[in-house]
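> Starting from these lines, generate the structure:
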Amino acid sequence: MQKAKDRITVFEHEILRFDKGEKQITKDQYLALEKYCGEGVPYFNLIHNGVRFNEYVGVLQVGKTVIEVLPKADKMSIGVEVEDKWRKTLIDMLKAVGSFDIKSTSDSHLKIKPNTILDLYFEMFIKEVEYLLQTGLVKQYRKKEGNLFALKGSIHFGKHIQKNITHQERFYVRYSTYDVNHVLHFILYKTICVLKRINTNTDLHGRIGALLLHFPEMPEIKITQTTFEKINFNRKTGQYKKAIEIAKLILLQYHPDVSKGRNDVIALMFDMNLLWEQFIYVTLRKIKDKSTEVSAQTSKDFWQPKAGSKSKIRPDIKIIREGNTFILDTKWKNINGSKPTSEDLRQMYVYHDYYNAKKVALVYPGIETSHEKGCFIDPSTKEVSNKQCGVISLQTMDTIKAWGIKIRKEFVDWMNEEQ
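Here you go, the predicted model:
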């Protein structure tokens, strides 16, 4: 029988099979992923004896095996150094767009070197709960009822008569109690138990065990999206918000193996197209120029049927600079120096017209930073018009700070450039 590896690293759009290939999963793991895929997840597609990953990146953990899916604009290079580069790039991009709240938990405060995004989220959660235990768990009032020897609260006459005909020394009462047994702690305790079961990072084992030892045991409850939607934070419970956010991410993506108990699945995956769009947006928002305004997903009405709602047009990023409008559409794919697709260009033509833009551009990742000019053809004269659509490729850099500076300079130069 094929032995499960502890960790497998692949890139987006790669294939993992259980019957062949340098990197393999076991058949049991494939069956667990097959069942997970049946629940409608978009992270991968099933193929014969394996899975093909989509444009989602992050971590899938099956049992004790971690499958790390990394982004990659350069499809040619391979190796450990390339994996390290793209792992760091992914984590830095997630931090830049706010997926990691580094105001409350920065790299310098973390005690381990994360091997994957999952490790980073696990330790962030552990650190938050350690802080809550240190400062004291918040108590809340809750309603209770029971058969007591002392009169407390109000008597529930129906059940009092039913249960105490022969026990006149007791009172069946309804009352309020003030303790730590409430939904916030139910969620945190369940998350700690899940981490105890699925964590593979030895540096975290002891801290998870300490949390289980010091955190009060809580009743088991079914936790769904609705559970989190009903939570209202106040002045006393505001400090729980970060821990609950991470718990939500973990619990709603956790799928236990109820049959064999060996291949639980947890996924922490991100749509790379959306991440790329958000990263470019938050980077350009930092342009230090009062004459420049950057906005995302600015929609306009585009089509009105005789009955029903209007259709809207919504470019990824709109920039207004010194009274001129610039439209950007981000695409996470390496076009390797080839032309954009006709579909993408038609979309940009509409943006140019509808927003009365000075320029529009398609923004891609690339193996080097480049900017290609291009203009649309005037349909009446068949000549090249002054409607410019650029193709901008952005090479990754060693640090997110240097990359951000490079991106902002590239776009300021592009906007200032004469047509």
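> Can you show me the strands along the stretch 51-200 of the chain?
Assigned strands in the stretch 51-200 of the chain, in chain order: 56-62, 65-70, 140-148, 154-155, 171-179 (criterion: DSSP state E, counting those that start in this stretch).
> Which of the ones you listed has the lowest mean pLDDT?
Note on the strands of the stretch 51-200 of the chain: strand 154-155 shows the lowest mean pLDDT, a mean of 70.
> returning to what we had before: minimum distance to Tyr240: which of the strands of the stretch 51-200 of the chain has it?
strand 140-148 (11.2 Å; Cβ to Cβ). To be clear about C-beta, it is placed using only N, CA and C from the backbone, and glycine gets the same treatment.
> re the thing from before, the strands of the stretch 51-200 of the chain: which one's closest to Glu293?
Going by Cβ to Cβ, the one of the strands of the stretch 51-200 of the chain nearest Glu293 is strand 56-62, 30.6 Å.
> What lies in contact with that closest one?
12, 25, 29, 32-33, 42-44, 66-71, 90, 116-118, 198, 200, 263-272, 275 (Cβ atoms under 8 Å, 6 or more residues apart in numbering).
> what's the angle between that strand and strand 65-70?
180 degrees (axes from the mean of the first three to the mean of the last three Cα atoms, to 10 degrees).
> could we number from 461 for the rest of this?
Right, with 461 as the first residue, what we last looked at is strand 516-522.
> Buried ones in strand 516-522, by neighbour count?
Across strand 516-522, burial judged by 16 or more other Cβ atoms under 10 Å covers Tyr516, Val517, Gly518, Val519, Leu520, Gln521, Val522.
> what's the closest of the residues you listed to Gly558?
Looking across the buried residues of strand 516-522 and measuring by Cβ to Cβ, the closest to Gly558 is Gly518, at 15.8 Å.
> For the closest one, give its distance to Pro531.
Using Cβ to Cβ, to the nearest Å, we find Gly518 at a distance of 10 Å from Pro531.
> Report the set of residues contacting both of those two.
With Cβ under 8 Å, 6+ apart as the test, Gly518 and Pro531 both reach Leu550.
> coming back round to it: out of the strands of the stretch 511-660 of the chain, which is closest to Pro775?
Closest among the strands of the stretch 511-660 of the chain, using Cβ to Cβ: strand 516-522, at 23.1 Å.
> how far out from the middle of the chain is the closest one?
11 Å (Cα atoms, centre = their mean, to the nearest Å).
> since we're on the nearest residue to His674 once chain neighbours are set aside, how many residues are nearby?
In space, and not counting its chain neighbours, His674 is closest to Leu593: 5.6 Å by Cβ to Cβ, 6 or more residues apart in numbering. Counted by other Cβ atoms under 10 Å, the residues lying close to Leu593 total 15.
> I'd guessed Leu593 sits against Leu672; true?
No: assessed by Cβ atoms under 8 Å, Leu593 is found out of contact with Leu672, at 11.3 Å.
> circling back to that earlier point, of the contacts of strand 516-522, just the buried ones, PyMOL syntax please.
Remark: buried members of the contacts of strand 516-522, expressed as a PyMOL selection using 16+ other Cβ under 10 Å:
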select buried, resi 472+485+489+492+493+503+504+526+527+528+529+530+531+550+576+577+578+658+660+723+724+725+726+727+728+729+730+731+732+735
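> Thank you kindly, that will do.
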